[in-house]
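Colleague: Okay, here's the prediction I keep looking at, along with the sequence it came from:
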Amino acid sequence: MLARTGALGDLDRLVHHLAQTATVTGSVIPADAWRDDEALYLQFDLPGMDRSSIEVTTERDTLTLTAERPSPIPAGARPLLTERPTGRFTRQLTLSDALDTTAAEASYDNGVLTLRIPLAAHAKPRKIAISGGVPRQLTD
């Protein structure tokens, strides 16, 4: 059994309670982002989340990620240690209009959600062809 008694135990419980409250209400889903010439890539850490509880939506320039991790502790049981955050988590990111969100792809593997959002055609670098011909002379 995990228990601490005395003042240190009380302090541990207080710190744990404050940390748990801050985690549940103010938790941020950790993310990495990068891009290449073709797309923006986002990865989110969602350990222990069931794929069916994850939802990704885009509206205008905002990407919203929501996921839920239920408590593994059965109703009526007495928790002895609860360090892993549970509940509903949300993360919003502002996206550039240079992205084609209608062609976005998502995969979830080993607790990591990966999104690939291609660059919109108007945002991709392109070469401008130069035609041949005689250069025009400037007139005075």
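Modeller: Yep, it's here. Residues are numbered from 1 along each chain as shown.
Colleague: who touches the residue nearest the centre of the chain in this structure?
Modeller: Computing the C-alpha centroid of the chain and ranking residues by CA atoms, centre = their mean puts Phe44 first, at 4.1 Å. Contacts for Phe44 were tallied using CB atoms under 8 Å, 6 or more residues apart in numbering; they are Ile29, Pro30, Ala31, Leu65, Arg91, Val112, Leu113, Leu115. Every residue, glycine included, has its C-beta placed from N, CA and C.
Colleague: For it, which residues count as its bridge partners?
Modeller: Here Phe44 sits in beta bridges with Ala31, Leu113, going by DSSP bridges.
Colleague: Against Pro118, how distant is it?
Modeller: 18 Å (CB to CB, to the nearest Å).
Colleague: Isn't Thr114 up against Gln43?
Modeller: Yes. With the criterion set as CB atoms under 8 Å, Thr114 and Gln43 qualify as a contacting pair; they are 5.1 Å apart.
Colleague: now the helices for this protein?
Modeller: Listed in chain order, the helices of the chain (DSSP state H) span residues 6-26.
Colleague: Which of the helices and strands in it ranks last by mean pLDDT?
Modeller: Every helix and strand of the chain was ranked by mean pLDDT, DSSP states H and E. The lowest is helix 6-26, at a mean of 48.
Colleague: which of the contacts of Phe44 are buried?
Modeller: Neighbour counting over the contacts of Phe44 (16 or more other CB atoms under 10 Å) leaves Leu65, Arg91, Leu113, Leu115 as the buried ones.
Colleague: Adding pLDDT and distance to Thr101, write the residues you listed out as CSV.
Modeller: Putting the buried ones among the contacts of Phe44 into CSV (pLDDT from 0 to 100; distance: CB to CB, whole Å) gives the following:
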residue, pLDDT, distance to Thr101
Leu65, 96, 13
Arg91, 94, 16
Leu113, 98, 16
Leu115, 97, 10
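Colleague: Which one of the residues you listed is nearest to Pro125?
Modeller: Pro125 lies nearest to Leu115 out of the buried ones among the contacts of Phe44, by CB to CB, at 22.1 Å.
Colleague: Could you double-check that that closest one lies in contact with Arg35?
Modeller: No. Shown here, Leu115 and Arg35 do not form a contact pair, counting by CB under 8 Å, at 11.8 Å.
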